[in-house]
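Colleague: Just the structure for this:
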Amino acid sequence: MIAVFLFSVAFCAYTTFGYPLLLGLLARWRERPVRKAPWRATVSVILPVFNGERWMAAKLESIRALDYPAELLEILVVSDGSTDGTETIVQRFASRSKLAYLALPRSGKAAALNAALAKASGEILFFTDVRQQLDPGSLANLVACFADPQVGVASGELVIRDGTGLEEASVGLYWKYEKWIRKQLSRVDSVLGATGCIYAMRRELALPLPVGTLNDDMYLPLGAFFRGYRVILDDAALAFDYPTPLASEFRRKVRTLAGVYQIVGSYPALLGPRNRMWIHFFSHKLARLLMPWAMIAAAIASFGLPAPWNVWAIGAQASAYSLALLDAWLPANFPLKRLTSPLRTFAVLMTASLCSLAILFVPARVLWKETRVSAEPGKRQGPE
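Modeller: As a prediction, this is how the structure comes out:
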């Protein structure tokens, strides 16, 4: 039991702290800069949407405001069976831009993206989502990355605006941690997926997506990666989003982590020698799926430790889980929430990892849930 406990704790420590530390050191020693240069490529902007009436006008204004030659842009809005006023809003913009609206029956995001890929004519494909606002220089910065012939996919950075409470702030803190890891991976070689609401890739590298694909922002970039190209993150290309409550983040995390299981099925080479980033895929992706099981193993093994270590181990874990549960009932301005909110966020994310196993038992479409935010379009929240 001692060996099980120590191994489980060491595994969790490595996944959470040890790997990021080693990755940061590796990024300093083996950095591969991207050779950016201005490039006037034709670009197809691909915007899939389902009932995006709330956000569509602001999004299209954001695309029109991009600091990129309008004559080089085509905009493809693909409706996945929208039943609201999305089409009406898009048609208002159609006369002012090279814009096409594709109305499809409800069949999922992968089908919508495949329809756009079949129609897109640009040298570069720029993928974005309806809710996030784009920095005017974002597209130009991404396209400049493709002046480097080794780059196949360029991902932008998602900036989460300041939340209104500690719960949203804790989710934002996790996202900052995640972005830091992705930046270091990009410095070393490649990120193993893109930021779904802001990334671009060479048209000739885009593969049709299997029906029901949950993580298109992993499937498409990995196709380029396994053809020898880099998948990089350019933090000069920015998109802005609103913070999400923890319940919504839980549902999103279940879907994206379930998508990792799908991706391994689509690209089994991720687990073998063909993956030049295999240690990073294990440490950044697979280890997070395994970590909740390591925590369960540590909890069970704690009862088999010799006294007084068993008391201390059980007490420490019970205290942490109790504080995480307590957070839901504490008032928003209660001082202890500075501790309990991060613990609750961590516990919810670990639970989401366990629940992602549902992909083995239910159809992928069941895991698609709308990501809800509390803000209104156009309402400025926090620094941009």
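Colleague: in the chain, which spans are helices?
Modeller: Under the criterion DSSP state H, helices of the chain are mapped to 2-13, 19-29, 53-64, 86-94, 109-119, 138-145, 166-188, 216-225, 246-266, 278-281, 287-302, 309-326, 337-355.
Colleague: end-to-end on stretch 35-45?
Modeller: Start-to-end span of stretch 35-45 (CA to CA, to the nearest Å) is 23 Å.
Colleague: What residues sit buried inside that stretch?
Modeller: By neighbour count on 16 or more other CB atoms under 10 Å, the buried set for stretch 35-45 is 36, 41-45. Placement of C-beta: from N, CA and C, glycine included.
Colleague: Turn those residues into JSON lines, including distance to Arg131 and pLDDT.
Modeller: Conversion of those to JSON lines gives the following (distance: CB to CB, whole Å; pLDDT from 0 to 100):
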{"residue": "Lys36", "distance to Arg131": "28", "pLDDT": "96"}
{"residue": "Ala41", "distance to Arg131": "26", "pLDDT": "96"}
{"residue": "Thr42", "distance to Arg131": "26", "pLDDT": "97"}
{"residue": "Val43", "distance to Arg131": "21", "pLDDT": "98"}
{"residue": "Ser44", "distance to Arg131": "20", "pLDDT": "97"}
{"residue": "Val45", "distance to Arg131": "15", "pLDDT": "97"}
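Colleague: In strands, which of those appear?
Modeller: 43-45 (DSSP state E).
Colleague: Make a markdown table out of these and add distance to Pro20.
Modeller: What follows is those, written out as a markdown table (distance: CB to CB, whole Å):
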| residue | distance to Pro20 |
| --- | --- |
| Val43 | 34 |
| Ser44 | 35 |
| Val45 | 34 |
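Colleague: Could you single out the nearest of those residues to Lys179?
Modeller: Val45 (23.3 Å; CB to CB).
Colleague: who's that closest one bridged to?
Modeller: Counting by DSSP bridges, Val45 is bridged to Ile75, Phe126.
Colleague: what's the spacing between it and Leu220?
Modeller: Distance, Val45 to Leu220, by CB to CB, to the nearest Å: 15 Å.
Colleague: tell me which residues in stretch 12-20 are buried?
Modeller: Using 16+ other CB under 10 Å as the test for burial, stretch 12-20 gives 12, 14-15, 19-20.
Colleague: ugh, wrong one, stretch 135-146
Modeller: Burial within stretch 135-146, assessed by neighbour count using 16+ other CB under 10 Å, is assigned to 135, 138-146.
Colleague: for the stretch 1-150 of the chain, what are the low-confidence residue spans?
Modeller: Within the stretch 1-150 of the chain, no stretch has pLDDT under 70.
Colleague: on that earlier part again, want to try CSV for the helices of the chain, with distance to Ala154 as columns?
Modeller: Shown next, in CSV, are these (distance: least, CB to CB, whole Å):
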stretch, distance to Ala154
helix 2-13, 33
helix 19-29, 18
helix 53-64, 17
helix 86-94, 26
helix 109-119, 18
helix 138-145, 4
helix 166-188, 9
helix 216-225, 10
helix 246-266, 20
helix 278-281, 18
helix 287-302, 24
helix 309-326, 38
helix 337-355, 27
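Colleague: Out of these, flag the one nearest Ile232.
Modeller: Within the helices of the chain, the stretch nearest Ile232 is helix 166-188; the backing value is 4.7 Å (CB to CB).
Colleague: Just list what that closest one packs against, helices and strands only.
Modeller: Where contact means 3 or more CB pairs under 8 Å, 6 or more residues apart in numbering; DSSP states H and E, helix 166-188 is packed against helix 19-29, strand 151-160, strand 230-241, helix 246-266, helix 337-355.
Colleague: if we can go back for a sec, can you tell me which of the buried residues of stretch 12-20 is nearest Phe334?
Modeller: Distance to Phe334, by CB to CB, is smallest for Cys12 among these, at 28.0 Å.
Colleague: which residues make contact with stretch 317-330 from outside it?
Modeller: Applying CB atoms under 8 Å, 6 or more residues apart in numbering, the external contacts of stretch 317-330 come out as 167, 298-299, 302, 336-337, 339-341, 343-344, 346-347.
Colleague: same thing but at 7 Å, please
Modeller: For stretch 317-330, the surrounding residues in contact (CB atoms under 7 Å, 6 or more residues apart in numbering) are 299, 302, 336-337, 339-341, 343-344, 347.
Colleague: Give the buried residues for it.
Modeller: Using 16+ other CB under 10 Å as the test for burial, stretch 317-330 gives 323-324, 326-327, 330.
Colleague: pLDDT weak spots in the stretch 201-350 of the chain?
Modeller: For the stretch 201-350 of the chain, no range has pLDDT under 70.
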